[in-house]
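S.K.: Structural data only, the sequence is not supplied:
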């Protein structure tokens, strides 16, 4: 065989080998996919439980390996990041009104809350008052936050849904129990007693525990349950009654999953959150699961609250945001009065 013929034969042999390997390589590539999950600041512990279980179940069922990129931060900032170009397949929020801008801009379909059970809310929580060990100032009620000897660590409602729930819980309890004037007086005194505004629920926990800021912190019950599992020294908490049901909605980002071809697996993940196993993992992470049977099994883990309002009882987030958190609304007014009094 001449040198030229040998060269042609060698090239053909290599090409044939490559073609034999190619289908297997393509099949392997098709079996792996990546999802980007964007969530509120304190969501990481629960998704650290949920993601591995879903990965295991999905691979066993389909043969496909799924990896996750995760981003956690103040809930309002996370929505703004998606609007600014962050390509999220799945969004886990702590307030429904942070999904509304994504619907308005065409990132998420308007029927997002009808595609999953319970309007896309796999778990809930309540707002609690976290105190120093031993609760030295005997803080028990929303009214105690307005005492002159109490310093409050509050989260900024301009950046975090956690803060809006926390402020609304006390304001709503006062409004329902004593009327609008009493509720506004409560808000003004609460803001006057606020020592620091944290950026998010996790930032508040860090400031309260590590920097020892404030006598009391308003936060999600699931966050303080995580806190007390994570550090050697427990921080007591009170879940005042009345309270408010905190909702944690999830949705796929339609624009992203259609662009990246990840809709099937992304929707499967959101559906898994409502499965019996997903609900158990929510409960183990300190959330109150949607499934009534699972919630009953874990009931001893949560403080009993005699009266829990839903945000719809106050007209929904559109009305609440306009009253409390819009520019120039009651929270801004309370901040101006507090600044004048200092």
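M.R.: Perfect, I can see it now. Note that the structure is a prediction, hence the values are computed from the model and not measured.
S.K.: Quick check, residue 105 in contact with residue 83.
M.R.: Yes - at 6.1 Å, residue 105 counts as touching residue 83 under the criterion of CB atoms under 8 Å. Glycine gets a C-beta too; all of them are placed from N, C-alpha and C.
S.K.: in what helix or strand does the residue lying closest to residue 88 once chain neighbours are set aside lie?
M.R.: Closest residue in space to residue 88, ignoring its immediate chain neighbours: residue 38 at 4.0 Å, by CB to CB, 6 or more residues apart in numbering. For residue 38, the enclosing helix or strand under DSSP states H and E is strand 32-40.
S.K.: can you give me the strands for the stretch 1-150 of the chain?
M.R.: Here the stretch 1-150 of the chain has its strands, by DSSP state E, counting those that start in this stretch, at 32-40, 65-73, 90-92, 123-125, 127-131.
S.K.: In JSON lines: these, plus mean neighbour count.
M.R.: Formatted as JSON lines, the strands of the stretch 1-150 of the chain follow (neighbours: other CB atoms under 10 Å):
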{"stretch": "strand 32-40", "mean neighbour count": "20"}
{"stretch": "strand 65-73", "mean neighbour count": "16"}
{"stretch": "strand 90-92", "mean neighbour count": "26"}
{"stretch": "strand 123-125", "mean neighbour count": "26"}
{"stretch": "strand 127-131", "mean neighbour count": "25"}
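S.K.: The residue nearest to residue 88 and residue 145: what is the separation?
M.R.: For residue 38, the distance to residue 145 (CB to CB, to the nearest Å) stands at 32 Å.
S.K.: Likewise for residue 131?
M.R.: Relative to residue 145, and taking CB to CB, residue 131 is found at 11 Å.
S.K.: Report the set of residues contacting both of the two.
M.R.: Overlap of the contact sets of residue 131 and residue 145 (by CB atoms under 8 Å, 6 or more residues apart in numbering) consists of 139, 216.
S.K.: Show me what counts as buried in stretch 196-206.
M.R.: Residues of stretch 196-206 classed as buried: 196, 197, 198, 199, 200, 201, 202, 203, 204, 205 (neighbour count, 16 or more other CB atoms under 10 Å).
S.K.: Looking at those, which is nearest residue 311?
M.R.: Distance to residue 311, by CB to CB, is smallest for residue 201 among these, at 17.6 Å.
S.K.: Contacts only, for residue 129.
M.R.: Contacts for residue 129 were tallied using CB under 8 Å, 6+ apart; they are 139, 140, 144, 145, 216, 217, 218, 237, 238, 239, 240.
S.K.: ok, 7 Å please
M.R.: 139, 216, 218, 237, 238, 240 (CB atoms under 7 Å, 6 or more residues apart in numbering).
S.K.: hey, what's the fifth one bridged with?
M.R.: What that stands for is residue 238. residue 129 (DSSP bridges).
S.K.: Go ahead and confirm it touches residue 128.
M.R.: Yes - the pair residue 238 and residue 128 passes the contact test of CB atoms under 7 Å, sitting 6.3 Å apart.
S.K.: And residue 256, how far from residue 266?
M.R.: Residue 256 is 8 Å from residue 266, by CB to CB.
S.K.: intersection of neighbour lists for these two?
M.R.: residue 89.
S.K.: ok, residue 329 touching residue 335?
M.R.: No - the pair residue 329 / residue 335 is not scored as a contact, 10.6 Å apart, by CB under 7 Å.
S.K.: mind giving me the domain split of this structure?
M.R.: Listed domain ranges for the chain are 34-124+247-301, 127-244+310-341 (source: automatic domain parsing).
S.K.: In CSV, list those along with mean pLDDT.
M.R.: Shown next, in CSV, are the domains of the chain (pLDDT from 0 to 100):
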stretch, mean pLDDT
domain 34-124+247-301, 97
domain 127-244+310-341, 94
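S.K.: before we move on, back to that, and which of the contacts of residue 129 is nearest residue 93?
M.R.: The closest of the contacts of residue 129, once distances to residue 93 are taken by CB to CB, is residue 218, at 18.8 Å.
S.K.: That closest one: helix or strand, and which one exactly?
M.R.: Here residue 218 is assigned to strand 216-220, by DSSP H and E.
S.K.: Give the burial count for the residue lying closest to residue 122 once chain neighbours are set aside, as a bare number.
M.R.: Computed as CB to CB, 6+ apart, the closest residue to residue 122 that is not its neighbour in sequence is residue 273, at 4.1 Å. When neighbours are defined as other CB atoms under 10 Å, residue 273 has 27 of them.
S.K.: same question, residue 148
M.R.: So residue 148, with other CB under 10 Å, has 8 neighbours.
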